[in-house]
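Peer 1: need the 3D shape of this:
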Amino acid sequence: MQDIFQQISLYGRLLGAAFYYEPSNDQVSGILDFFRQPNWAQEWEIQLDVKTSEKITALITQGLTQNLSEQYQRLFIGPNELPAPPWGSVYLDPESVIFGNSLLTLRDFLRHHHIAFQTQQDEPEDHIGLMLMLAAYLAENQPHLVIEFLRDHLLVWALHFLKRLEKVENTPFYQGLAILTLHSLQQWQRALHIDTPKVRFYR
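Peer 2: Numbers count the residues shown, from 1 in each chain. Below is the predicted model of the structure:
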């Protein structure tokens with residue numbers, strides 16, 4: 001169990017920051033350096049089959065040779081419609097809006113457990129990057145809440161989002177990151193024996 005919490009702490013922060021911060025941000029420079037290492041996939045503690053590992057490394061390697069800021073802008077900022085919006089309530093709310101009911105449920109969870117964290121401007125807390133970093137924070141500080149958080153708030157939509165992101169063409173770095181994150185989350189789900197509630201997705 002402790003090994004899984006250590007994984008969530010390490011990879012939740014790494015993957016979360018890679019999704020949340022712009023590639024030019026100092027928070028991401030060390031992460032990009034990690035993925036530039038030729039053998040990073042062998043160091044990844046989450047098991048990947050050879051075919052999946054090769055696909056992820058090929059996508060990430062290709063993406064690192066391109067303009068990551070353009071990929072990030074297209075995926076997460078706009079101005080055009082986002083092909084895979086990174087907020088949970090877009091998928092879980094019947095109106096497909098940010099600041100939807102699932103975000104309010106997440107805020108109740110945070111308030112109940114006295115968890116506060118700063119976001120950029122008035123950003124919804126159910127951003128995939130923020131939620132991965134929150135999983136890391138819980139694994140380090142309140143591990144008894146990790147299963148509840150993953151089951152009721154993150155896994156309930158994240159796998160759906162990551163499969164959608166994986167299909168967004170011409171964004172190879174984030175396609176690779178999506179597959180890597182998907183397999184990491186699925187391993188945590190298996191290791192912690194989490195059954196996620198069945199929900200309807202509206203996007």
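
Peer 1: isn't A17 right up against D26?
Peer 2: No - using C-beta atoms under 8 Å, A17 makes no contact with D26, being 10.3 Å away. C-beta coordinates here come from the backbone N, C-alpha and C atoms, glycine included.

Peer 1: more crowded one of the two?
Peer 2: Counted by other C-beta atoms under 10 Å, A17 and D26 do not tie: A17 has more neighbours, with 19 against 7.

Peer 1: quick check, T57 in a helix?
Peer 2: Yes - assessed with DSSP: H, G, I helix; E, B strand; the rest coil, T57 lies in a helix.

Peer 1: got the contact list for it?
Peer 2: 40-41, 176 (C-beta atoms under 8 Å, 6 or more residues apart in numbering).

Peer 1: what score does it have for pLDDT?
Peer 2: Looking at T57, its pLDDT is 97.

Peer 1: number of residues surrounding R74?
Peer 2: R74 has 17 nearby residues by other C-beta under 10 Å.

Peer 1: who are the packing partners of the helix or strand bottoming out on mean pLDDT in the chain?
Peer 2: The least trusted helix or strand in the chain, going by mean pLDDT, DSSP states H and E, turns out to be helix 40-43, with a mean of 91. Packed against helix 40-43 by the contact rule (3 or more C-beta pairs under 8 Å, 6 or more residues apart in numbering; DSSP states H and E) you find helix 50-64.

Peer 1: buried residues of the helix it packs on, list them for me.
Peer 2: 53, 55-57, 59-61, 63 (16 or more other C-beta atoms under 10 Å).

Peer 1: next secondary structure after that helix?
Peer 2: helix 68-72 (DSSP states H and E).

Peer 1: who's in contact with that following helix?
Peer 2: Outside helix 68-72, the residues that reach it (C-beta under 8 Å, 6+ apart) are 22-24, 32, 63, 170-174.

Peer 1: put the alpha carbons of stretch 40-55 into PDB.
Peer 2: Taking Å, rounded to 0.1, in the frame of the first residue of the first chain, the C-alpha atoms of stretch 40-55 are listed here in PDB:
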ATOM      1  CA  TRP A  40      12.800   7.200 -18.900                       C
ATOM      2  CA  ALA A  41      10.200   4.600 -19.700                       C
ATOM      3  CA  GLN A  42      12.400   1.900 -18.000                       C
ATOM      4  CA  GLU A  43      12.500   4.000 -14.900                       C
ATOM      5  CA  TRP A  44       8.700   4.400 -14.800                       C
ATOM      6  CA  GLU A  45       7.500   2.300 -11.900                       C
ATOM      7  CA  ILE A  46       4.100   1.500 -13.500                       C
ATOM      8  CA  GLN A  47       4.100  -1.600 -15.700                       C
ATOM      9  CA  LEU A  48       3.500  -1.000 -19.400                       C
ATOM     10  CA  ASP A  49       3.500  -3.700 -22.000                       C
ATOM     11  CA  VAL A  50       6.200  -3.300 -24.700                       C
ATOM     12  CA  LYS A  51       3.800  -2.100 -27.400                       C
ATOM     13  CA  THR A  52       2.200   0.500 -25.200                       C
ATOM     14  CA  SER A  53       5.600   1.700 -23.900                       C
ATOM     15  CA  GLU A  54       6.900   2.100 -27.400                       C
ATOM     16  CA  LYS A  55       3.800   4.000 -28.500                       C
END
